[in-house]
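> Pasting the sequence and the predicted coordinates here, then a few questions.
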Amino acid sequence: REVFLDADNLESLDSLLSFVATDVQTLVVLGSRAIFFRPWCIGEMTTANNCNVDSILVALPGMQALDQQSIDTFDTLVPDLDCLLDNGLRIDAIRRAMAEFSAKPSIQVPVSISSVGMGDLSGLLVKGATQGVVSAE
């Protein structure tokens, strides 16, 4: 199975979003503390949501889902959304995607992860699991 890492293509947002829309079978989102505030990540999640691409949220320590007030005022919380709007994404679609990703069941990763935990995570991802807890042992 082919794996694409978005960090391999950070030169063109248009190309990245097109790739997510047409060539990605499952989008794995590494839910960091800042995931809901990074425009290109938001664009990938919104595109996946718009195109019905399967997605898995891996919640890293410190990730916080957005509450409804944050979703409603999203365009004021993340001021750099112009790049997404310029690529045809609409603010209502972005809000909808952020609401869905915030409510999505996730794979929970502990603060400290061992090789056993990495094996757990890999196994869950390969199975396409949408939720679970990774062992810290």
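Alright, I've got the coordinates.

> give the contact list for the nearest residue in space to D54 that is not next to it in sequence.
Spatially, and ignoring its direct neighbours in sequence, D54 is nearest to T26 (4.5 Å; CB to CB, 6 or more residues apart in numbering). Bear in mind the C-beta positions are built from the backbone N, C-alpha and C, glycine included. Going by CB atoms under 8 Å, 6 or more residues apart in numbering, T26 touches V53, D54, S55, I56, G128.

> which residues sit in contact with the third one?
Counting by CB under 8 Å, 6+ apart, S55 makes contact with T26, L27, V28, V29, M45, A48, N49, F101, K104.

> ok, I107 - how many residues close by?
I107 has 21 neighbouring residues, counting by other CB atoms under 10 Å.

> How about the secondary structure of it?
Here I107 is recorded as strand under DSSP: H, G, I helix; E, B strand; the rest coil.

> from what I can see it touches L60, true?
No. Counting by CB atoms under 8 Å, I107 stays clear of L60, with 9.8 Å between them.

> the strands in this structure, which residues?
For the chain, the strands defined by DSSP state E occupy 26-31, 54-59, 106-108, 132-133.

> what is the mean pLDDT for the third one?
Strand 106-108 comes out with an average pLDDT of 89.

> Can you tell me what sits against that strand?
So strand 106-108 is contacted by 31, 56-59, 121, 124-125, 129-134 (CB under 8 Å, 6+ apart).

> Among those residues, name the buried ones.
The neighbour-count test (16 or more other CB atoms under 10 Å) applied to those identifies G31, I56, L57, V58, A59, L121, L124, G132, V134 as buried.

> of the residues you listed, the lowest pLDDT goes to which?
G132 (76).

> Alright, I will stop here.
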